[in-house]
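structure of the sequence below:
(2 chains)
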Protein chains: 2
Amino acid sequence: MDRVPILKIGDILLVSIQVDMSDQTAIQLQEDLAERIVATGSHGVIIDITALDIVDSFVGRMLSTIASISKVLDAETVVVGMRPAVAITLVELGLSLNGIRTALNVERGMELIAANRGDEWDEADGDEDVETTATS
Amino acid sequence: MDRVPILKIGDILLVSIQVDMSDQTAIQLQEDLAERIVATGSHGVIIDITALDIVDSFVGRMLSTIASISKVLDAETVVVGMRPAVAITLVELGLSLNGIRTALNVERGMELIAANRGDEWDEADGDEDVETTATS
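Residues are numbered from 1 along each chain as shown, chains lettered A, B, ... in the order given. Model prediction:
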């Protein structure tokens, strides 16, 4: 009931956080996301926080944890939809969203993930779990 | 605060309903959606109800109203992520989701909208607000 739904759109998992996160909900979301990343082989996680009025240290830590878990599972996390007031509060509180990339909206988040995947292919293919990536 | 966020992904607006809808929230969502459809020129609205345990007559009516409003604004509404139990309850309650199309998940909903737009182009271009759609 108190699960945050995870939507799959192409190569990306999309999470829209709308409810106040409790310890329980946050842990559940982390587990669900990890499972879905593995099950779907997604390379990107977009977390939309448009609905959040405030990002406190608890939510900030949750986002960082999700980003770390995703990274281990070879998926990149992008937080999108941050309100101006939230950004200001984050800085004022001295909270840094460690290891989290941000983008203005879902579309830019998708572009960011797509662009980064492209870069990675260029830089080092071989240690990625694909059959063949040779382009020529 | 109690606003349901509307995400824009390409030509489509995506709404993930996670909170219990009150009269106020429902009306706000209808207004917000109508405004966003006009502002973005979107042709499709996808409403994800994965998080809903139950769709009662109130939610059913809200979905129908959204679909009707969207239709007037030349956008198609697809409801996705309905749980099996919700579908069973809907039928048992004798609720019919008038004018609402459904799809299994967001991706299929997007395909449905894209396919329908394609059909419409084929059937009757000219009364659509595009500059040129002649393909040859």
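
what residues does stretch A:3-16 touch?
With C-beta atoms under 8 Å, 6 or more residues apart in numbering or on different chains as the contact definition, stretch A:3-16 has outside contacts at A:17-19, A:25, A:28-29, A:32-33, A:36-37, A:40, A:42-48, A:50-51, A:75, A:106, A:110, A:113, A:117, B:5, B:7, B:9, B:14, B:16, B:18, B:48, B:50-51, B:81, B:105-107, B:110. C-betas here are computed from N, CA, C, even on glycine.

does the helix or strand hosting A:Arg108 come close to chain B?
Assigning secondary structure by DSSP states H and E places A:Arg108 in helix A:106-123. Yes - counting by C-beta under 8 Å from any C-beta of the partner chain, chain B is contacted by helix A:106-123 at A:Val106, A:Glu107, A:Met110.

what of stretch A:46-58?
Yes - using C-beta under 8 Å from any C-beta, we find that stretch A:46-58 touches chain B at A:Asp48, A:Thr50, A:Ala51, A:Asp53.

thinking again about what came up before, just the buried residues of the contacts of stretch A:3-16.
Neighbour counting with 16 or more other C-beta atoms under 10 Å in any protein chain shown marks A:17-18, A:25, A:29, A:32-33, A:36-37, A:42-48, A:50-51, A:75, A:106, A:110, A:113, B:5, B:7, B:9, B:14, B:16, B:18, B:48, B:50-51, B:81, B:105-106, B:110 as buried within those.

please tell me how far A:Ile113 sits from A:Thr25.
Distance, A:Ile113 to A:Thr25, using C-beta to C-beta, to the nearest Å: 25 Å.

ah, wrong one, I meant A:Met62
Look at A:Met62 and A:Thr25: by C-beta to C-beta, they are 9 Å apart.

which other helices and strands does the worst-scoring helix or strand of chain A on mean pLDDT contact?
Lowest on mean pLDDT, DSSP states H and E among the helices and strands of chain A sits helix A:106-123, with a mean of 83. Here helix A:106-123 touches strand A:12-16, strand A:44-48, strand A:76-80, strand A:101-103, strand B:6-9, going by 3 or more C-beta pairs under 8 Å, 6 or more residues apart in numbering or on different chains; DSSP states H and E.

distance between that helix and the chain's centre?
Helix A:106-123 has its C-alpha centroid displaced from the chain centroid by 13 Å (C-alpha atoms, centre = their mean, to the nearest Å).

and the contacts of that helix?
A:11-12, A:14, A:43-44, A:46, A:48, A:76, A:78, A:80-81, A:101, A:103, A:128, A:133, B:7-10, B:14.

measure how that helix sits relative to strand A:44-48, angle-wise.
Inter-element angle recorded for helix A:106-123 and strand A:44-48: 160 degrees (by axes from the mean of the first three to the mean of the last three C-alpha atoms, to 10 degrees).

which positions in the helix holding A:Arg108 come out as buried?
A:Val106, A:Gly109, A:Met110, A:Leu112, A:Ile113.

nearest residue to the most centrally placed residue in chain A other than its sequence neighbours?
For chain A, the residue nearest the mean C-alpha position is A:Thr77 (2.7 Å; C-alpha atoms, centre = their mean). In space, and not counting its chain neighbours, A:Thr77 is closest to A:Ala67: 3.9 Å by C-beta to C-beta, 6 or more residues apart in numbering or on different chains.

check A:Val80 too.
Nearest to A:Val80 is A:Gly109, by C-beta to C-beta, 6+ apart, at 4.4 Å.

related to what we said a few turns ago, tell me the one of the buried residues of helix A:106-123 nearest B:Val91?
Lowest distance from B:Val91 to these (C-beta to C-beta) belongs to A:Val106, with 33.6 Å.

wasn't A:Ala67 part of a helix?
Yes - A:Ala67 forms part of a helix when assessed by DSSP: H, G, I helix; E, B strand; the rest coil.

and it, how far is that from chain B?
A:Ala67 sits at a distance of 20 Å from chain B (criterion: C-beta to the nearest C-beta, to the nearest Å).

how about A:Thr77?
Look at A:Thr77 and chain B: by C-beta to the nearest C-beta, they are 16 Å apart.
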